[in-house]
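Colleague: model this:
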Amino acid sequence: MEQDKQVLLVFIQADSGVDGTSLLDSASSGFSFFNSLKDSVLSNVIRRAQFAIPPLALMILSSQRVSGVSQTICDLRFEKVPLDRHWDMVGISVQTGAVKPAFELARALRSKGIKVVLGGPYVSIFPDQCRDHADVLVIGEADDIWKEVQKDLLSDCLKSEYRVGSFPDLSCDRVVDKHALDIKSYFTTNVVQTTRGCPYSCDFCNVHVMNGHKLRHRSIPAVLREVEGFLKQDKRIFFFLDDTINADESYAEKLFSELVPFGISWVGQATTALGEKPKLLEAFSRSGCGALLVGIESLDDGSNHAHQKFHNPSNRQVECIKNIRKAGICVYGSFIYGLDEDTLELPGRLEAFIEETGIDVPGINLLRPIPGTGVFDRLAAEGRLLHSRDDHDAFRFSWGQEMLYKPQRISLQEFIPSYTALTGRVFTVQNALKRAMRAPRLRSAVLMFNLLYVHMYGLSRKDLQRQLRELA
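Modeller: Here you go, the predicted model:
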């Protein structure tokens, strides 16, 4: 009996968020047993605090089954590539921000005679930079094309490129399952996407670049069946991975009203406009919404407008956030300091805003000019990038350990001390305990996130201060 073709799907996390500690600072740290032990402990804390969830894109691909092909997911956050097994083909999802390690892995695999397929966000936006590093490129959302790749593998006629001609119709029922996952490796495996695309055009974001401006919907019955099926394997919290879960209000209200009987707890991402929609907010709360990440960015309308963000007027933010929290939903408020109209008076306003609204987990980010976005191209044209625009690896999604550009209204020599002083005041153990005590729910998670940020922003400050000395 002929054995199935063995396909490994590899996920390499971008160097962002809470995935790792300081990169620049590590260059000056000597290796020791204690450093190694500390890194090991922090790795476990970080994994729990970041609510490690499986890569949905690879779940979708592994669910596209072809007779004669067996697929396995390898998540490099938790495991090494299993080279002790035979693989006929390895697919690597290339995140913008993890290009270098993806290419290095591809080179190592190809040297062993293993066929390598590269896909994912970076490949879809920059295919020409990827051709020399793979046997096969998959360009675009691969929902409808992955079966073709597998069939070509079976018949030994793989093409060098598979390009998706149009965005997949999400209303077509595609079953997503967990057979290729190690369920125990994750905080939860209940990850669901109900829509794709974004109606907004923020120039620092690449979602609308990759997935288009038109919002595409899965059918509500399909989502309900998926939730019901997932619960049979994993009764933990659900993550709805839509970039803006309330973008289509009527769809969201109907979906979450129908999810009420399932008795789940869930988290997701939304705009603060949810706080002005009482019926929708009630549906979110009744269906088990425990926390929402909301992108506030600047408190200055001029800064948001300079970056093509118009949908969250500053004069309505306080009331909206208070209403969301009154509904029993925690708020992770994401800010960007250093947008084009920001000035040195913003940190004081931001601190007061966090206190007034009671935001449960604040995130104060530096602007990350991502290759492929409007802001990257504009800053390059204005001569404000601090690295060559062709060195994409330099613009990885780092935690905030270095400045990658020159702010418009604040010099770097003023901006860096302003930013580090701000994070030093906002992220303290005392504030972490206070936020956890007053959180409407999920208090242990709120505490863990805030304590982790005390540590991570501390590393960020060390790196930024080193960069400031180098600039001087």
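
Colleague: from here on, just use CA atoms for contacts and neighbour counts.
Modeller: OK.

Colleague: average pLDDT across the host helix or strand of residue 451?
Modeller: Using DSSP states H and E, residue 451 sits within helix 443-471. Helix 443-471 comes out with an average pLDDT of 92.

Colleague: pull out the buried residues from it.
Modeller: Neighbour counts over helix 443-471 (16 or more other Cα atoms under 10 Å) mark 443, 445-454, 456-468 as buried.

Colleague: for that helix, name the packing helices and strands.
Modeller: Counting contacts by 3 or more Cα pairs under 8 Å, 6 or more residues apart in numbering; DSSP states H and E, helix 443-471 is packed against helix 23-26, helix 33-49, strand 361-366, helix 412-426, helix 429-438.

Colleague: make it 10 Å
Modeller: Contact partners of helix 443-471 among helices and strands, from 3 or more Cα pairs under 10 Å, 6 or more residues apart in numbering; DSSP states H and E: helix 23-26, helix 33-49, strand 330-337, strand 361-366, helix 412-426, helix 429-438.

Colleague: which parts of the helix or strand that the third one is followed by are buried?
Modeller: Elements were assigned by DSSP H and E; along the chain past strand 330-337, the next helix or strand is helix 346-357. Neighbour-count burial for helix 346-357 flags 346-347, 350, 354, 357 (criterion: 16+ other Cα under 10 Å).

Colleague: contact partners of helix 346-357?
Modeller: Contact with helix 346-357 is made by 298-300, 317-323, 325, 331, 333, 335, 337-338, 358-362, 364, 418-419, 421-423, 425-426, 435, as judged by Cα atoms under 10 Å, 6 or more residues apart in numbering.

Colleague: and it, C-alpha only, in PDB?
Modeller: In PDB, the C-alpha atoms belonging to helix 346-357 read as follows (Å, rounded to 0.1, in the frame of the first residue of the first chain):
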ATOM      1  CA  LEU A 346       0.500  64.100  24.400                       C
ATOM      2  CA  PRO A 347       2.000  61.800  27.100                       C
ATOM      3  CA  GLY A 348       0.300  63.800  29.900                       C
ATOM      4  CA  ARG A 349      -3.100  63.700  28.100                       C
ATOM      5  CA  LEU A 350      -2.600  59.900  27.500                       C
ATOM      6  CA  GLU A 351      -1.900  59.200  31.100                       C
ATOM      7  CA  ALA A 352      -5.000  61.200  32.200                       C
ATOM      8  CA  PHE A 353      -7.100  59.400  29.500                       C
ATOM      9  CA  ILE A 354      -6.100  55.900  30.800                       C
ATOM     10  CA  GLU A 355      -7.000  56.900  34.300                       C
ATOM     11  CA  GLU A 356     -10.300  58.500  33.400                       C
ATOM     12  CA  THR A 357     -11.600  55.700  31.200                       C
END
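
Colleague: taking helix 412-426 as reference, get the angle to it.
Modeller: In terms of direction (axes from the mean of the first three to the mean of the last three Cα atoms, to 10 degrees), helix 346-357 departs from helix 412-426 by 20 degrees.

Colleague: can you give me the helices in the stretch 101-250 of the chain?
Modeller: With DSSP state H, counting those that start in this stretch as the criterion, the stretch 101-250 of the chain has helices at 121-125, 146-154, 207-211, 220-233, 249-259.

Colleague: would you turn the buried residues of helix 346-357 into a markdown table with distance to residue 231 and pLDDT?
Modeller: Formatted as a markdown table, the buried residues of helix 346-357 follow (distance: Cα to Cα, whole Å; pLDDT from 0 to 100):
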| residue | distance to residue 231 | pLDDT |
| --- | --- | --- |
| 346 | 45 | 96 |
| 347 | 43 | 97 |
| 350 | 40 | 97 |
| 354 | 36 | 98 |
| 357 | 34 | 98 |
